[in-house]
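Peer 1: sequence and predicted model, in that order:
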Amino acid sequence: MVIALLTDFGDYYGGVMKGLIRKISRTEVVDVTHSITPQNVLEGAFLLYNSYRFFPEGSVFVGVVDPGVGGRRKALAIETENYWFVCPDNGIAYPSAIEDGIVRIYEIKEEVSRFSGSLSSTFHGRDLFAPASALIKEGRLSAEYFLPYNDEIEKLELFDVKIKGNEICGKVVYIDRFGNVVTNIREEIVSDLSPEKFILGSLETPFVRKYEDVDVGEPLCLIGSFNTLELSVRNGNFARKFNLMHGDLRLRWK
Amino acid sequence: MVIALLTDFGDYYGGVMKGLIRKISRTEVVDVTHSITPQNVLEGAFLLYNSYRFFPEGSVFVGVVDPGVGGRRKALAIETENYWFVCPDNGIAYPSAIEDGIVRIYEIKEEVSRFSGSLSSTFHGRDLFAPASALIKEGRLSAEYFLPYNDEIEKLELFDVKIKGNEICGKVVYIDRFGNVVTNIREEIVSDLSPEKFILGSLETPFVRKYEDVDVGEPLCLIGSFNTLELSVRNGNFARKFNLMHGDLRLRWK
Amino acid sequence: MVIALLTDFGDYYGGVMKGLIRKISRTEVVDVTHSITPQNVLEGAFLLYNSYRFFPEGSVFVGVVDPGVGGRRKALAIETENYWFVCPDNGIAYPSAIEDGIVRIYEIKEEVSRFSGSLSSTFHGRDLFAPASALIKEGRLSAEYFLPYNDEIEKLELFDVKIKGNEICGKVVYIDRFGNVVTNIREEIVSDLSPEKFILGSLETPFVRKYEDVDVGEPLCLIGSFNTLELSVRNGNFARKFNLMHGDLRLRWK
């Protein structure tokens, strides 16, 4: 079991978190990503949901995409059946925690910031979440640092999709380094439509099983490694070529 | 000995690979890079060739730049005299494996994907290569997961260079973060030419020993840390300033 | 205690350093960042100064932003009260070393390059600094590799700021992934001014305690996690919106 970090911080802020964790605990720290689109909580929640199960049981995830930092949102530590999620209360860990099964929720107290030496209003990754994860790893769940939390936590729905006539409205939840446009439209929904192609504006993308089913440079769509619909260009960059961005996505199918 | 990752995946996909490796084996995982130019197998092969010997003997390299993912190319595990290379059969590990000396080659069976829970058609880094590397690290080379592979593997030549008159035709194989343009023209070839300068189009770049041999902002070329010819601007960015990209490169010399 | 890396190298060159360190020592290596603005020694010094105290005592920092590589600048290993700093003699570790208290300084001898196999003129991160850090970690401070160094080392002042009338002239020392513009104007100086707002050209930015004190999309300034003045846009990107870059910064206040 490790401490795994998933943030929108870039590597320097993430590096400081790793240092501070190691100052408190001789644990192993793994960077999942520090490249989430800045302040995109939905993308963070989607990538966390598509990370945690691949890690050793008992691992502690620090998931921080935190546009509300310094404000009133709570800092939480959520114990689930097999993992821990340390995160702001903005829904980022909600889909993961619900799937794995919530056991107990704690609020992280400001006292945790004594490990970094101060409580800034802009970097709770360093001042609260990193040291809290190390304390959990060390089994130091004392009332000095953690309070039982019995309120509702923020919900976040990953797979909200609407079908109207032959149009499906979902969301672009991630655009990877290859320009593959990952949607939140799940395999089982796509299967029900038994599509030959999806149509985006005037662009037709054949629905195929693998990249090699179209020629190099041609657009396509398929069920990707997230088990959702993805739009791609074979050996190319769909997002750049067709100017796609995060947010709502309307597709027709045939 | 560690498991070392070298891919074009960006950090999230790389992060999932690290999680899954650690789920199978209590090994140390080191990111070499996840920033290879997307689908540039030649750059991947060049950087792998210029990485492996600096790692502890016994290390297992996972080298994945894989435009053919989901298609017919094989997934291989190549044992060499001092290392292992786990990679698609597209030549990415060929120069490294040949240099270190191939001992034995295995094909990775689809059964390995039971560790990630599915065999996607887009992310064999997670479904095949990462778990295969962990199994190798654990000494679990059983017939359940690995088959002896006796066919020819894909070849890839890193240092193909042609000289015609006073023109040398090589390749740009890597452009680093500083905009240094790294070629595949080796030191011994350059020495034979005993050049004063190399000329790119109408741009003259003096051939020097170190950056300080020209003024700040001036172009130059030298033998860089890959032991090949590099084009640079002192304290500047050659690739951006002169709009260089990967691919063929023609230089004259004087 | 770990070996911590902070460079402008990007991940591949940083990856090679990690491999070589692990070849010499079974130590833990932590990437702080490899994304410092290329050749920006001031940014490197600022981030190193804002990293080291968060790491376990005894840690060895390799801090390499090195525009003078291959030239006459010395390669140093600085022992301080609680840490080690391995770096070129260009001031990058000066503020950190002075703060923690210098105990002893060594020059790294070229003989250290036998671990990488050669002394390039462009990549002393691999050929000198990485192996030197591993030797220090192993306690191998022998005269074969290290010389006592008694000359002055290069100075670098992080917090040089001038006040003239109601104008303050400082520096932009870091721009983070969110576009927050981090200055070298320290909290105690700002407090003395008891400002309501800072004015940049014709742009007024209210001085607040936290992002939520202004509306989404609005500019603001506050004391950030570096304990210096930062310019931000709530949930936006200040540097991009107002075209800010590293270097001198003049602000008026009211």
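Peer 2: Received, thanks.

Peer 1: which residues touch residue A:41?
Peer 2: Going by CB atoms under 8 Å, 6 or more residues apart in numbering or on different chains, residue A:41 touches A:65, A:67, A:90, A:91, A:92, A:156. Just so you know, the C-beta spots here come from the backbone N, C-alpha and C atoms, and that holds for glycine as well.

Peer 1: again, but for residue A:158
Peer 2: By CB under 8 Å, 6+ apart, the contact set of residue A:158 is A:42, A:45, A:46, A:49, A:95, A:173, A:184.

Peer 1: any part of the lengthiest helix in chain A near chain C?
Peer 2: Using DSSP state H, we find that the single longest helix of chain A is helix A:10-24. Yes: judged by CB under 8 Å from any CB of the partner chain, helix A:10-24 comes into contact with chain C through A:10, A:11, A:12, A:13, A:15, A:16, A:18, A:19, A:20, A:22, A:23.

Peer 1: now do that helix against helix C:10-24, angle only.
Peer 2: Calculated by axes from the mean of the first three to the mean of the last three CA atoms, to 10 degrees, helix A:10-24 forms an angle of 30 degrees with helix C:10-24.

Peer 1: which secondary structure elements does helix A:10-24 sit against?
Peer 2: strand A:3-7, strand A:29-33, helix A:130-137, strand C:3-7, strand C:29-33 (3 or more CB pairs under 8 Å, 6 or more residues apart in numbering or on different chains; DSSP states H and E).

Peer 1: and the strands in the stretch 101-250 of chain A, which stretches?
Peer 2: Along the stretch 101-250 of chain A, the stretches classed as strands by DSSP state E, counting those that start in this stretch are A:102-108, A:146-148, A:162-164, A:167-175, A:181-186, A:197-200, A:203-206, A:219-223, A:228-233, A:247-253.

Peer 1: hey, C-alpha coordinates of the first one in PDB?
Peer 2: Only the C-alpha atoms of strand A:102-108 are listed here, as PDB (Å, rounded to 0.1, in the frame of the first residue of the first chain):
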ATOM      1  CA  ILE A 102     -17.900   4.300   2.400                       C
ATOM      2  CA  VAL A 103     -17.000   3.000   5.900                       C
ATOM      3  CA  ARG A 104     -16.300   6.300   7.800                       C
ATOM      4  CA  ILE A 105     -15.700   9.900   7.100                       C
ATOM      5  CA  TYR A 106     -13.400  12.300   9.000                       C
ATOM      6  CA  GLU A 107     -12.900  16.000   8.800                       C
ATOM      7  CA  ILE A 108      -9.300  17.100   8.800                       C
END
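
Peer 1: what is the mean pLDDT for it?
Peer 2: Averaging pLDDT along strand A:102-108 gives 98.

Peer 1: give the pairing partners of that strand; include direction for each.
Peer 2: strand A:75-80 (antiparallel), strand A:146-148 (antiparallel) (DSSP bridges).

Peer 1: what do you get for the last one?
Peer 2: Based on DSSP bridges, the strands next to strand A:247-253 in the sheet, each with its direction, are strand A:167-175 (antiparallel), strand A:197-200 (antiparallel).

Peer 1: close to chain C: what parts of the stretch 51-200 of chain A are there?
Peer 2: By the rule CB under 8 Å from any CB, the part of the stretch 51-200 of chain A lying against chain C is A:67-72, A:116-118, A:120-123, A:126-127.

Peer 1: I'd say residue A:81 and residue A:103 touch.
Peer 2: Yes: here residue A:81 reaches residue A:103: they are 6.3 Å apart, a contact under CB atoms under 8 Å.

Peer 1: still on that earlier bit, which among the contacts of residue A:158 gets closest to chain B?
Peer 2: If you rank the contacts of residue A:158 by distance to chain B using CB to the nearest CB, residue A:46 comes first, at 10.2 Å.

Peer 1: isn't that closest one up against residue A:173?
Peer 2: Yes: with contact defined as CB under 8 Å, residue A:46 counts as touching residue A:173 (4.4 Å).

Peer 1: between those two, what contacts are shared?
Peer 2: The contact sets of residue A:46 and residue A:173 overlap at A:158, A:182, A:184 (CB under 8 Å, 6+ apart).

Peer 1: tell me the contacts of the residue of chain A most remote from its centre?
Peer 2: Farthest-out residue of chain A from its mean C-alpha position, per CA atoms, centre = their mean: residue A:215, at 32.1 Å. Going by CB under 8 Å, 6+ apart, residue A:215 touches residue A:234.

Peer 1: that one and residue A:233, how far apart?
Peer 2: Noted for residue A:215: a distance of 10 Å to residue A:233, by CB to CB, to the nearest Å.

Peer 1: list the contacts for the residue of the stretch 151-254 of chain A found nearest chain C?
Peer 2: The nearest approach of the stretch 151-254 of chain A to chain C comes at residue A:177, 12.6 Å away (CB to the nearest CB). Residues counted as contacts of residue A:177 (CB under 8 Å, 6+ apart) are B:8, B:9, B:10, B:38.

Peer 1: quick one: which of the residues you listed has the most company?
Peer 2: With neighbours taken as other CB atoms under 10 Å in any protein chain shown, the top of those is residue B:9, carrying 26 neighbours.

Peer 1: low-scoring pLDDT stretches of the stretch 151-254 of chain A, where are they?
Peer 2: Under the criterion pLDDT under 70, no range of the stretch 151-254 of chain A is flagged.

Peer 1: flag every residue of it that's near chain B.
Peer 2: Contact residues (CB under 8 Å from any CB) of the stretch 151-254 of chain A with chain B: A:176-180, A:209-212, A:222-225, A:227, A:230, A:235, A:237.

Peer 1: how is chain A partitioned into domains?
Peer 2: A:3-148, A:162-253 (automatic domain parsing).

Peer 1: tell me the most buried of the ones you listed?
Peer 2: With neighbours taken as mean count of other CB atoms under 10 Å in any protein chain shown, the domains of chain A reach their highest mean count in domain A:3-148, at a mean of 22.

Peer 1: quote the end-to-end distance of that domain.
Peer 2: End-to-end distance for domain A:3-148: 22 Å, by CA to CA, to the nearest Å.

Peer 1: what's the answer for stretch A:109-123, then?
Peer 2: Chord length of stretch A:109-123, first to last residue, is 15 Å (CA to CA).

Peer 1: ok, and what's touching that stretch?
Peer 2: Contact with stretch A:109-123 is made by A:13, A:20, A:23-24, A:69-70, A:126-128, A:130-132, A:134-135, A:144-147, C:53-54, C:180, C:209-211, C:222-225, C:227, C:230, as judged by CB under 8 Å, 6+ apart.

Peer 1: so what's residue A:117 scoring on pLDDT?
Peer 2: 97.

Peer 1: what of the one 3 residues further on?
Peer 2: As summarised for this prediction, residue A:120 has a pLDDT of 97.

Peer 1: if I look at it, how far off is residue C:171?
Peer 2: In this view, residue A:120 and residue C:171 are 21 Å apart by CB to CB.

Peer 1: correct me if wrong: residue A:224 contacts residue A:183.
Peer 2: No: the criterion here is CB under 8 Å, and residue A:224 misses it with residue A:183 at 9.0 Å.
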